[in-house]
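**Student:** Pasted the sequence and its predicted model underneath.
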Amino acid sequence: MSATTIGVIGGSGLYDMEGLERIERIRIDTPFGAPSDEYVTGVLNGVKMVFLPRHGRGHRLLPSEVNYRANIYGMKTLGVERIISVSAVGSLKDAIAPGHIVIPDQFIDRTKGVRKDTFFGDGIVAHAGFADPVCGDLSNTLFSAAQKAGATTHKGGAYICMEGPAFSTRAESFSYLALGASVIGMTNLTEAKLAREAEICYGIIALSTDYDCWHDSHEDVTVEAIIQIIHQNVAMAKNIIRLAVAEIGGNRACSCGSAMQYAVITDRAFIPEAAKVKLAPIIGKYL
């Protein structure tokens, strides 16, 4: 069995993949509160897997209500080194049609500051490098796997992360086009920031479900249309994950595993013991 553990964060259907063996359900309490739901662990073709529904089973949590810190903290305590995040997004480019797959490599933040997107504070200050916000190695693997799965796949591009839960106004949608972004969603940036602080590789399988509301030859985005596309592509997402897992090796050659080595600014003598205990799974090796 591979020593690596791969986490998958996604929606309904992604925690009951065909071929997953030795399934266990684990409920974790974290210093940051409760994760979105139970973690489902198992083994897929000899690789340890951990699945978590981002919005909870039954899709109960708004994007702003998701406890991202607890979700990533739980992944870290379960030994996850790489996270594959699966998300529905709106397309901001003609070439990215509904049903296509995008592997984004950048973000533009349009959230409103209400989300908890760092593990730090309470007496400890750290600044993570975030110029390249996803793991290049993992993203390359996801792109290769998507192509092998037969998906029309776009590599790279900026992901606008908006607050929601309402979709964009038409004026907002046109402003995002002017920024040159590729897709728009409501979740992945927050996860990416926390995964970087936890030194977990993070990559995204973004499923284009609509053209937002900027495209004059397509209907405006609706929940019904999004759900229809998602249901059509659950099997594709599962196949991409299965192929990606087969390609991922045990040891990481990227820099994600040491991303926080020089990030902590606070003098170690001034860091409260409570903060050290709380953050031990995240950056204990540096404290």
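**Tutor:** Yes, it's here.

**Student:** any chance you could map the strands in the stretch 151-287 of the chain?
**Tutor:** With strands called from DSSP state E, counting those that start in this stretch, the stretch 151-287 of the chain shows them at 153-155, 158-162, 183-185, 201-210.

**Student:** Now render the ones you listed as CSV, adding mean neighbour count.
**Tutor:** Every C-beta, even on glycine, is put in place using the N, C-alpha and C of the backbone. Below are the strands of the stretch 151-287 of the chain laid out as CSV (neighbours: other Cβ atoms under 10 Å):
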stretch, mean neighbour count
strand 153-155, 19
strand 158-162, 24
strand 183-185, 26
strand 201-210, 26
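
**Student:** so who does the residue nearest to E172 when sequence neighbours are not counted touch?
**Tutor:** Leaving aside its sequence neighbours, E172 sits nearest to M162 (Cβ to Cβ, 6 or more residues apart in numbering; 7.9 Å). Residues in contact with M162, defined by Cβ atoms under 8 Å, 6 or more residues apart in numbering, are 110-111, 168, 172, 184-186.

**Student:** Inside helices: which ones of these?
**Tutor:** Among those, the members found in helices (DSSP state H) are E172.

**Student:** ranking the contacts of M162 by neighbours, who comes first?
**Tutor:** I184 (27 neighbours; other Cβ atoms under 10 Å).

**Student:** how far away is that residue from F32?
**Tutor:** 27 Å (Cβ to Cβ, to the nearest Å).

**Student:** what do you get for R252?
**Tutor:** In terms of Cβ to Cβ, R252 sits 25 Å off from F32.

**Student:** If the residue nearest to E172 is in a bridge, with which residues?
**Tutor:** Beta-bridge partners for M162, by DSSP bridges, are R110.

**Student:** List the beta-bridge partners for I26.
**Tutor:** Counting by DSSP bridges, I26 is bridged to Y39.

**Student:** Kindly provide the distance from it to E197.
**Tutor:** From I26 to E197 the distance is 22 Å (Cβ to Cβ).

**Student:** quick one on the thing from earlier: nearest to L20, of the strands of the stretch 151-287 of the chain?
**Tutor:** L20 sits nearest to strand 201-210 of all those, at 17.4 Å, using Cβ to Cβ.

**Student:** That closest one pairs with which strands, parallel or anti?
**Tutor:** By DSSP bridges, strand 201-210 pairs with strand 82-91 (parallel), strand 101-103 (antiparallel).

**Student:** thinking again about what came up before, any idea which of the contacts of M162 is the one closest to L138?
**Tutor:** Closest to L138, out of all of the contacts of M162 and judged by Cβ to Cβ, is G185, at 18.1 Å.

**Student:** Leaving out sequence neighbours, find the closest residue to the closest one.
**Tutor:** That would be V89: by Cβ to Cβ, 6+ apart, it lies 4.2 Å from G185.

**Student:** isn't that neighbour right up against A181?
**Tutor:** No - with contact defined as Cβ atoms under 8 Å, V89 does not reach A181; the gap is 10.3 Å.

**Student:** More neighbours: which of the two?
**Tutor:** Counted by other Cβ under 10 Å, V89 and A181 do not tie: V89 has more neighbours, with 27 against 21.

**Student:** What sits closest to R25 if chain neighbours are left out?
**Tutor:** Counting by Cβ to Cβ, 6+ apart, the residue nearest R25 is E38, at 4.5 Å.

**Student:** Check what pLDDT the one you found gets.
**Tutor:** Note on E38: pLDDT of 96.

**Student:** Can you report how many residues neighbour it?
**Tutor:** Counted with other Cβ under 10 Å, E38 comes out at 18.

**Student:** Roughly how far does it sit from S87?
**Tutor:** 20 Å.

**Student:** can you map out the strands along the stretch 1-150 of the chain?
**Tutor:** Under DSSP E, counting those that start in this stretch, the stretch 1-150 of the chain gives strands at 5-10, 21-26, 39-44, 47-53, 82-91, 101-103, 106-110.

**Student:** does K276 really touch L287, like I thought?
**Tutor:** Yes - the criterion here is Cβ under 8 Å, and K276 meets it with L287 at 5.2 Å.
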